[in-house]
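1. Structural data only, the sequence is not supplied:
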């Protein structure tokens, strides 16, 4: 998936979607597989899997591979996606750049709740406009 995010032949927002899928898959991998390995390591059961490795050996190998992958992912974000987004006038703001009183209703869902009560959806949506 990261290769798809790096592939400039793909439309930019598709590349961003692929990048997000990589992040989601990595989160799920940690929640399931790495957590399972850690439980095996903590149980002090030293059994070899079909590939001949122990849980500790798999964990060490996975850690090295994941570090390379996250480094590649970070480079993709910083060196490819953010500049491409900026070139298309799509900005990624830091939380410090936001005026939190204006954004808080959107983030908390309060804007949507108040719009549902009044029927006015204009305050519940977030729009993007080119500057």
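-> Thanks, I have the structure now. The model shown is predicted, which means the values in this text are computed figures rather than measured ones. Residues are numbered from 1 along each chain as shown.

2. switch to C-alpha atoms for all contacts and neighbour counts from now on
-> Will do.

3. what about the most centrally placed residue in the chain, distance to residue 70?
-> In the chain, the centroid-proximal residue (C-alpha atoms, centre = their mean) is residue 23; its distance is 3.7 Å. Separation of residue 23 from residue 70 (C-alpha to C-alpha, to the nearest Å): 9 Å.

4. do the same with residue 98
-> From residue 98 to residue 70 the distance is 27 Å (C-alpha to C-alpha).

5. thinking again about what came up before, chain center to the helix or strand containing the residue nearest to the centre of the chain, what's the gap?
-> Using DSSP states H and E, residue 23 falls within helix 12-29. Remark: helix 12-29 is offset 6 Å from the chain centroid, using C-alpha atoms, centre = their mean, to the nearest Å.

6. can you list contacts of it?
-> Residues from elsewhere that reach helix 12-29 (C-alpha atoms under 8 Å, 6 or more residues apart in numbering): 1-2, 4-8, 73, 81, 84-85.

7. can you check stretch 44-51 too?
-> Here stretch 44-51 has contacts from 54-55, using C-alpha under 8 Å, 6+ apart.

8. run the last query once more with 10 Å
-> Applying C-alpha atoms under 10 Å, 6 or more residues apart in numbering, the external contacts of stretch 44-51 come out as 39-41, 53-58.

9. Just the mean pLDDT for the helix holding residue 23, thanks.
-> Mean pLDDT, computed over helix 12-29, is 95.

10. Offset the numbering so it begins at 12, please.
-> Done: numbering now begins at 12, and the last item shifts to helix 23-40.

11. Give the buried residues for that helix.
-> Residues of helix 23-40 classed as buried by neighbour count (16 or more other C-alpha atoms under 10 Å): 23, 26-27, 29-30, 33-34.

12. just stretch 92-104 next, same as before
-> 92-93, 95.

13. same question, stretch 77-86
-> In stretch 77-86, counting by 16+ other C-alpha under 10 Å, buried: residue 84.

14. And stretch 65-77, by the same measure?
-> Buried residues in stretch 65-77 (16+ other C-alpha under 10 Å): 65-67, 69-70.
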